[in-house]
Structure formats: C-alpha cells, structure tokens
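Visitor: this one's structure only:
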C-alpha cells in the first residue's frame, strides 16, 4: 500500500499529465470520447500500479507517454481493427450546423494535410500542437534535443501550412 506522500506525488503527476495523455489517446482512437475516457483511466491505473517502480532517471512525461503508447498498441492489437480518420470523423449537426460544417471542413483539410507529412513530421506537429507537449518534454521521448525538435517542428508546421493552403484553394 502506498503512503500519503506517494499518493500526493502521484496526484500531482496525474494533474500534470492528464490533459496531454487524454489528447494523445483522443486523436489516436478516432475522437471517441467514451473510449478515450476508458483508455485514459486504464493508462493511469497502470501508471499508479507501477509508480513505486518508476525510474527517476527517465522523464515522467516520457514514462507516461510510453505507457500510453503501449496501451494503445495493445488496444488495437486486441481489436485487430484499423480505422481511417475520414471514416470516423464526427459531424454534429445542431443549431449551428453551418459553423459545425466549416469546422469539419477545416478539420478535414488539416487531417488530409497531416497525412501528407512524413511520419516524423506528423508526430512532431501532433505532439506539440494537439497533445500540448513542450519541447523539453518531447526531447526524452523522441531522444533529440529540445532545440533540434523546435527547428524540426517549425519546418513541419511551415510545410503543413503550405499543404493546407493548397488544399483550401482547390
């Protein structure tokens, strides 16, 4: 059983990482909120159960990211399904249908454009702008310096903007 200081430390760790891990899972499972909630709960339960064995030489962001990555890999392996983002994109039509449609179109352009980036570029943009990682948090996960990641992400965003603008004019 964990003592109070370990519980308090895990609670702080949870608060620092919940939003990032939630976004990471949300965008990788097709924006399904219910499945995201279930998977994120399972991920943090795994982290809590392994928290006493955490290696302090590893960044905590890298540690929870690795747990989440492995959990998602297991989830997809167990389901033996693949999903196309276009097939599972959600369109909610309501009072503001035109606004929703425009957001959906913009989202579609961004998704299509992201697919045109290399896997490394896509990963950088996703981690930085969708999942909210700082360059310092990304560095140990991707095993590159924060400065290198900043430059590479800037280039990827510049490329993404060019691709998006080309799709938007068609």
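Guide: Sure thing, it's come through. From a predicted model like this one, the values you see are computed outputs, not experimental measurements.
Visitor: tell me the secondary structure for residue 57?
Guide: Following DSSP: H, G, I helix; E, B strand; the rest coil, the label given to residue 57 is coil.
Visitor: for this protein, what helix or strand is lowest in average pLDDT?
Guide: helix 85-88 (a mean of 39; mean pLDDT, DSSP states H and E).
Visitor: what stretches of this structure score poorly on pLDDT?
Guide: Flagging of the chain using pLDDT under 70 yields the residue ranges 1-2, 80-110, 167-170.
Visitor: if we go to 50?
Guide: Applying pLDDT under 50 to the chain flags residues 81-98, 100-102.
Visitor: And the residue nearest the centre of it?
Guide: residue 24 (2.0 Å; CA atoms, centre = their mean).
Visitor: helix or strand for that one, which one?
Guide: According to DSSP states H and E, residue 24 maps onto helix 4-28.
Visitor: That helix: how far from the chain's middle?
Guide: 13 Å (CA atoms, centre = their mean, to the nearest Å).
Visitor: buried sites along it?
Guide: 10, 13, 17, 20-28 (16 or more other CB atoms under 10 Å). From N, CA and C alone the C-beta is placed, and that goes for glycine too.
Visitor: got it, and stretch 63-71?
Guide: 63-65, 67-68, 71.
Visitor: Which two among those are spaced furthest apart?
Guide: Maximum pairwise distance among the buried residues of stretch 63-71 (CB to CB): 12.8 Å, between 63 and 71.
Visitor: any idea what sits nearest residue 27, other than its immediate chain neighbours?
Guide: Once flanking residues are discounted, residue 27 sits nearest to residue 130: 5.5 Å by CB to CB, 6 or more residues apart in numbering.
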